[in-house]
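Participant: Below is the structure, and that's it, no one-letter string:
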């Protein structure tokens, strides 16, 4: 069984070895995958098919094309929670905007992205919203244990990042799950908390499982304070 201290040791060793996964780290991830894929928190077909992706427009006079709204090749990307190429999507427009890290009132372009409904994912978001007391009452000690495991992994994916090496734990976990045949990971976003249900992010390992459907949503006057904004459909020239 995995203990809480194992998470700390796993992260410490990865950073100490500049992100290189050793035998101990691989054994930890194997145990972790066993915990995440049991019946209580089993990987499930993705229910939501409409997601969003955003890019800052900066000084552009014309909008990004559908191709440009797709994930860039690895040599153009910054360090991220999952090694590129990978779709990073949000299930709410506001969350997609915040994930692009815009300045106050900066213009942002948002694309609607359709995700294949037949894929299978590790659903950290659904598991993390379970109530611990109800989980323990229904499943006993195993419910409490696996709730703890999922919560620790969820925290890895949504915590803030200070330097690129901080991505090493989620990159290692993501690569292992991809190699095992999973299609992605859904997790609760740390960028924005709604009044009802927390917005979610989807890290999708395979580019073929998603497609940009509508890339022409322009966001003006986005407010970091109250998450308000003006939205309109863009033309070929943003000055029109």
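Facilitator: Here it is on my side, so go on. Keep in mind it's a predicted model, so treat the numbers as computed, not measured.

Participant: I'd say residue 168 and residue 15 touch.
Facilitator: Yes. Taking CB atoms under 8 Å as the definition, residue 168 is a contact partner of residue 15 at 6.0 Å. Quick note: C-beta positions are derived from backbone N, CA and C, even for glycine.

Participant: which one's the longest helix in the chain?
Facilitator: helix 141-158 (DSSP state H).

Participant: Can you list the buried residues in that one?
Facilitator: Under the neighbour-count criterion of 16 or more other CB atoms under 10 Å, helix 141-158 has 143, 145-150, 152-154, 156-158 buried.

Participant: What ranges does this structure have for its strands?
Facilitator: 44-45, 50-56, 87-90, 108-115, 120-123, 184-188, 200-204, 210-220, 230-233 (DSSP state E).

Participant: Figure out which of those is closest to residue 27.
Facilitator: Taking CB to CB, strand 120-123 is the member of the strands of the chain nearest to residue 27, at 18.7 Å.

Participant: Given the closest one, what are its sheet partners and their directions?
Facilitator: Here strand 120-123 is paired, per DSSP bridges, with strand 44-45 (antiparallel), strand 184-188 (parallel).

Participant: hey, where'd the helices end up in the protein?
Facilitator: Counting by DSSP H, the chain has helices at residues 4-16, 23-36, 93-99, 124-128, 132-139, 141-158, 168-179.

Participant: Give me the buried positions along the second one.
Facilitator: Read it as helix 23-36. Buried residues in helix 23-36, counted by 16+ other CB under 10 Å: 25, 28, 29, 32, 33, 35, 36.

Participant: Looking at those, which one is closest to residue 189?
Facilitator: residue 36 (19.2 Å).

Participant: what separates the closest one from residue 182, distance-wise?
Facilitator: Note on residue 36: its distance to residue 182, by CB to CB, to the nearest Å, is 9 Å.

Participant: again with residue 217
Facilitator: 30 Å.

Participant: Same check on residue 94?
Facilitator: Separation of residue 94 from residue 182 (CB to CB): 27 Å.

Participant: Report the distance from stretch 176-192 to the chain centre.
Facilitator: Stretch 176-192 sits 6 Å away from the centroid of its parent chain (CA atoms, centre = their mean, to the nearest Å).

Participant: now stretch 82-96
Facilitator: When distances are taken as CA atoms, centre = their mean, stretch 82-96 is centred 6 Å away from the chain's centroid.

Participant: First residue to last residue on that stretch, what's the distance there?
Facilitator: Stretch 82-96 has an end-to-end distance of 17 Å (criterion: CA to CA, to the nearest Å).

Participant: Quick one: mean pLDDT over that stretch.
Facilitator: Per-residue pLDDT over stretch 82-96 has a mean of 87.

Participant: nearest spatial neighbour of residue 80, skipping sequence neighbours?
Facilitator: Leaving aside its sequence neighbours, residue 80 sits nearest to residue 167 (CB to CB, 6 or more residues apart in numbering; 6.4 Å).

Participant: Could you do residue 11 as well?
Facilitator: residue 169 (5.0 Å).

Participant: Distance check, that neighbour against residue 201.
Facilitator: Per CB to CB, residue 169 is found 16 Å from residue 201.

Participant: any weak-confidence spans in the protein?
Facilitator: For the chain, the stretches with pLDDT under 70 are 37-47, 77, 126-143, 191-198, 224-228, 232, 234-240.

Participant: Repeat the analysis, applying 50 as the threshold.
Facilitator: Along the chain, the model assigns pLDDT under 50 to residues 128-129, 194-196, 239-240.

Participant: Show me what the longest helix of the chain is packed against.
Facilitator: Judged by 3 or more CB pairs under 8 Å, 6 or more residues apart in numbering; DSSP states H and E, helix 141-158 is in contact with helix 4-16, helix 23-36, helix 124-128, helix 132-139, helix 168-179, strand 184-188.
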